[in-house]
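1. Fold the following, please.
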Amino acid sequence: MRLAILTFWGVLACTLALRAQDTFSIVAVDPVTGEVGSAGATCVEGIGGFGGVILLSGIIPGRGGVNAQAYICINPHINLENAIARLEEGNTPQGVIDWLVANDACFSQNFDPDYRQYGVAVLNAAGEPETAAFTGQNADDWKGHLLGETYAIQGNILLGPEVLDGMEAGFNNTQGSLADRLMAAMQGAKIPGADARCLEAGTSSTSAFLRVFKPDDAPDAPYLELNVAEAPSGVEPIDSLQALFDAWQLTNTRGAALEEAGHFRVFPNPARTAVQVVVAQQTGSGALSLEWYNASGQMVGKQEVRGGRNTVSQPEGAGLYWLCLRDTNGHILQQEKIIVLN
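-> Residues are numbered from 1 along each chain as shown. Here you go, the predicted structure:
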């Protein structure tokens, strides 16, 4: 199954998650590029121990995504997994939701779908966007959802409807890529107490994420994935998410602009141990700097290379990285996306 879902194991994790409600989120598609993305935030103490609120998001690259929130079950996140399975079968967004309501599989609140909340956005067989959402009558107030041609926005335990309105305005009034619009949607929800449980702390939430998949991305290797699993007390996680986004965008756009220069090539990709980097001789006779950046835009490794073939050690930890080549003046010459396997 082409599935991008984070699953967390353990009885303690399951017990805590059942009491958690994931508050505001958006799932969206771009019919021009075929990208699928989602973003969201919550105010749940200790959510960082489970990887953050990103656990509410399931995406099938090139097809669509589901955000499943409010009184969720994990170990596994059964309703989300069932939703993705229905998408794999070709169901419409409304068909997915109708099935979930009729076949609730989460034992939280006695398998009662009226406690749940869903948002679904897909690209159908013709490449056209379709969306649907559901807000159960027993989800905690304030609750609601908004639908657009390419997006579903939903939330519960909110300060009020202005949270979702702000997300919709940010998404619709922003030019640029799907990632740009998702980030703007999150900024639209940056209101103290957006998740009402964080009102006293003066922040919108405690955890936030943003992810975007291109059509040819592997299910476990998104083009972009930023995750503030849990911000320190009093720190606004959407600000932290924006900082990660800005760093990623700077690295990504510089690399894209210079990509055609052909200064180096790298193989194998994906890689498990070391990679071979062949630097074009015309790039320069002096020492060059090859830097590794993780999905958060942080440099996690650096090595000197020269023209010709170089063996380069990869950073520890599987995931998506960017390999960036700089000249002796610190200018970025080229960037390549690398998938590191376990």
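
2. show me where the stretch 1-150 of the chain has strands.
-> 24-30, 35-42, 57-60, 64-69, 117-123, 129-135, 144-147 (DSSP state E, counting those that start in this stretch).

3. neighbouring strands for the second one, and are they parallel or not?
-> According to DSSP bridges, strand 35-42 has the following sheet partners: strand 24-30 (antiparallel), strand 207-213 (antiparallel).

4. Show me the strands in the stretch 151-300 of the chain, by range?
-> According to DSSP E, counting those that start in this stretch, the strands that the stretch 151-300 of the chain contains are 151-155, 207-213, 224-228, 264-267, 274-279, 288-293, 299-305.

5. nearest to residue 268, of the strands paired with strand 35-42?
-> strand 207-213 (22.1 Å; CB to CB). C-betas here are computed from N, CA, C, even on glycine.

6. Strand 224-228 and that closest one, what's the angle between them?
-> Interaxial angle, strand 207-213 versus strand 224-228 (axes from the mean of the first three to the mean of the last three CA atoms, to 10 degrees): 170 degrees.

7. can you tell me the average pLDDT over strand 207-213?
-> For strand 207-213, the mean pLDDT works out to 95.

8. Could you do stretch 249-263 as well?
-> For stretch 249-263, the per-residue pLDDT averages 57.

9. Could you do stretch 106-116 as well?
-> Averaging pLDDT along stretch 106-116 gives 88.

10. How about stretch 40-53?
-> Averaging pLDDT along stretch 40-53 gives 87.

11. gap between it and the chain center?
-> Distance of stretch 40-53 from its chain centroid, counting by CA atoms, centre = their mean, to the nearest Å, is 14 Å.

12. again with stretch 269-283
-> Distance, centroid of stretch 269-283 to centroid of chain: 28 Å (CA atoms, centre = their mean).

13. can you list contacts of that stretch?
-> For stretch 269-283, the surrounding residues in contact (CB atoms under 8 Å, 6 or more residues apart in numbering) are 221, 262-268, 288, 290, 305-314, 323, 325, 327, 333, 336, 338-342.

14. try it again with 7 Å
-> Outside of stretch 269-283, the residues within contact range by CB atoms under 7 Å, 6 or more residues apart in numbering are 262-268, 288, 290, 305-314, 333, 338-341.

15. Would you show me how to pick out the buried ones of those residues in ChimeraX?
-> Restricted to buried positions by 16 or more other CB atoms under 10 Å, the ChimeraX selection for the contacts of stretch 269-283 reads:
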select :263,264,266,288,290,305,307,310,312,314,333,338,339,340
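
16. re the thing from before, deepest of the strands of the stretch 151-300 of the chain, which one?
-> For those, the largest average neighbour count (mean count of other CB atoms under 10 Å) is found in strand 151-155, namely a mean of 30.

17. avg pLDDT for it?
-> For strand 151-155, mean pLDDT rounds to 97.

18. What is it packed up against?
-> Of the remaining helices and strands, those touching strand 151-155 by 3 or more CB pairs under 7 Å, 6 or more residues apart in numbering; DSSP states H and E are strand 24-30, strand 117-123, strand 129-135, strand 144-147, helix 162-172.

19. partner strands of the fourth one, parallel or antiparallel?
-> When you say that, I think you mean strand 144-147. Per DSSP bridges, strand 144-147 is paired in its sheet with strand 151-155 (antiparallel).

20. Find out how far the partner strand is from the centre of the chain, if you would.
-> Per CA atoms, centre = their mean, the displacement of strand 151-155 from the mean C-alpha position of its chain is 15 Å.

21. residues contacting the residue lying closest to residue 244 once chain neighbours are set aside?
-> Leaving aside its sequence neighbours, residue 244 sits nearest to residue 226 (CB to CB, 6 or more residues apart in numbering; 4.4 Å). Counting by CB under 7 Å, 6+ apart, residue 226 makes contact with 209-210, 241, 244-245, 248, 295-296.

22. so what's residue 164 up against?
-> Contacts for residue 164 (CB under 7 Å, 6+ apart) come out as 24, 144, 146, 153, 155.

23. Pull the number of nearby residues for the second one.
-> Using other CB atoms under 10 Å, the number of residues around residue 144 comes to 19.

24. cool, and the first one?
-> Residues near residue 24, counting by other CB under 10 Å, number 33.

25. Skipping its backbone neighbours, what lies nearest it in space?
-> Leaving aside its sequence neighbours, residue 24 sits nearest to residue 155 (CB to CB, 6+ apart; 3.5 Å).

26. The one you found bridge partners, please.
-> Listed beta-bridge partners, residue 155: residue 144 (assigned using DSSP bridges).

27. Dump the strands of the stretch 1-150 of the chain to JSON lines, plus distance to residue 78.
-> Formatted as JSON lines, the strands of the stretch 1-150 of the chain follow (distance: least, CB to CB, whole Å):
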{"stretch": "strand 24-30", "distance to residue 78": "18"}
{"stretch": "strand 35-42", "distance to residue 78": "19"}
{"stretch": "strand 57-60", "distance to residue 78": "12"}
{"stretch": "strand 64-69", "distance to residue 78": "9"}
{"stretch": "strand 117-123", "distance to residue 78": "13"}
{"stretch": "strand 129-135", "distance to residue 78": "16"}
{"stretch": "strand 144-147", "distance to residue 78": "21"}
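
28. Nice, that's everything, thank you.
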